[in-house]
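Engineer: The following comprises the amino acid sequence and a computationally predicted model.
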Amino acid sequence: MVLAAPLVAGAARAADDCANAQDQATMDQCAGKDFDAADKKLNEAYKQIMGRLKDNAPSKKLLVDAQRAWVAFRDSECAFQGGPRETAGSVYPMVVANCQAGLTENRLKELQSYLHCEEGDLDCPVPAAQ
């Protein structure tokens with residue numbers, strides 16, 4: 001327990017550092033954490049949808065293809081927004097991670113909307129929960 005105290009204090013400091021980040025390295029790290037959190041939520045929604053599509057192989061394949069294409073778009077778009085890495089400087093990781101987090105949050109909203117479709121909604125490719 002005594003050995004864990006410095007780890008807990010360090011985690012609390014890291015959270016505070018994100019709220020009041022003063023240096024680029026901390027801002028980069030915080031932007032990365034935001035992206036990681038958004039990506040985790042996106043993966044959870046994706047898994048839920050895959051579960052609902054378990055008996056529909058063609059739709060599962062379409063979702064996998066769409067998600068792969070979306071990830072490629074997200075990564076390319078964010079690389080574009082970050083600019084050429086060699087000229088972007090120290091802000092590049094933060095700009096890219098912020099872009100990735102924002103686009104991931106938008107995609108998460110799309111996937112979540114599929115999880116809450118009304119019965120009979122022909123625009124919804126995901127069946128209602130059983």
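Structural biologist: Here it is on my side, so go on.

Engineer: quick one, longest helix in this structure?
Structural biologist: Among the elements of type helix in the chain, defined by DSSP state H, the one spanning the most residues is helix 24-52.

Engineer: Check which helices and strands whatever helix or strand comes next after that one sits against.
Structural biologist: Later in the chain than helix 24-52, the nearest helix or strand by DSSP states H and E is helix 57-82. Contact partners of helix 57-82 among helices and strands, from 3 or more C-beta pairs under 8 Å, 6 or more residues apart in numbering; DSSP states H and E: helix 24-52, helix 92-114. In this view, the C-beta of every residue, glycine as well, is placed from N, C-alpha and C.

Engineer: and of those, who's closest to Gly83?
Structural biologist: helix 92-114 (7.3 Å; C-beta to C-beta).

Engineer: Can I get the closest one in PDB, CA atoms only?
Structural biologist: Listed in PDB are the C-alpha atoms of helix 92-114, where the atom choice follows Å, rounded to 0.1, in the frame of the first residue of the first chain:
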ATOM      1  CA  TYR A  92       2.400  17.700 -34.700                       C
ATOM      2  CA  PRO A  93       1.600  14.900 -32.300                       C
ATOM      3  CA  MET A  94      -1.000  17.100 -30.500                       C
ATOM      4  CA  VAL A  95      -2.700  18.300 -33.700                       C
ATOM      5  CA  VAL A  96      -2.900  14.700 -35.100                       C
ATOM      6  CA  ALA A  97      -4.200  13.300 -31.800                       C
ATOM      7  CA  ASN A  98      -6.800  16.000 -31.400                       C
ATOM      8  CA  CYS A  99      -8.000  15.400 -34.900                       C
ATOM      9  CA  GLN A 100      -8.100  11.700 -34.400                       C
ATOM     10  CA  ALA A 101     -10.000  12.100 -31.100                       C
ATOM     11  CA  GLY A 102     -12.500  14.500 -32.800                       C
ATOM     12  CA  LEU A 103     -13.200  12.200 -35.800                       C
ATOM     13  CA  THR A 104     -13.300   9.200 -33.500                       C
ATOM     14  CA  GLU A 105     -16.000  10.900 -31.300                       C
ATOM     15  CA  ASN A 106     -18.000  11.700 -34.500                       C
ATOM     16  CA  ARG A 107     -17.800   8.000 -35.700                       C
ATOM     17  CA  LEU A 108     -18.700   6.900 -32.200                       C
ATOM     18  CA  LYS A 109     -21.900   8.900 -32.400                       C
ATOM     19  CA  GLU A 110     -22.700   7.200 -35.700                       C
ATOM     20  CA  LEU A 111     -22.200   3.800 -34.300                       C
ATOM     21  CA  GLN A 112     -24.100   4.500 -31.200                       C
ATOM     22  CA  SER A 113     -27.000   5.700 -33.300                       C
ATOM     23  CA  TYR A 114     -27.100   2.300 -35.000                       C
END
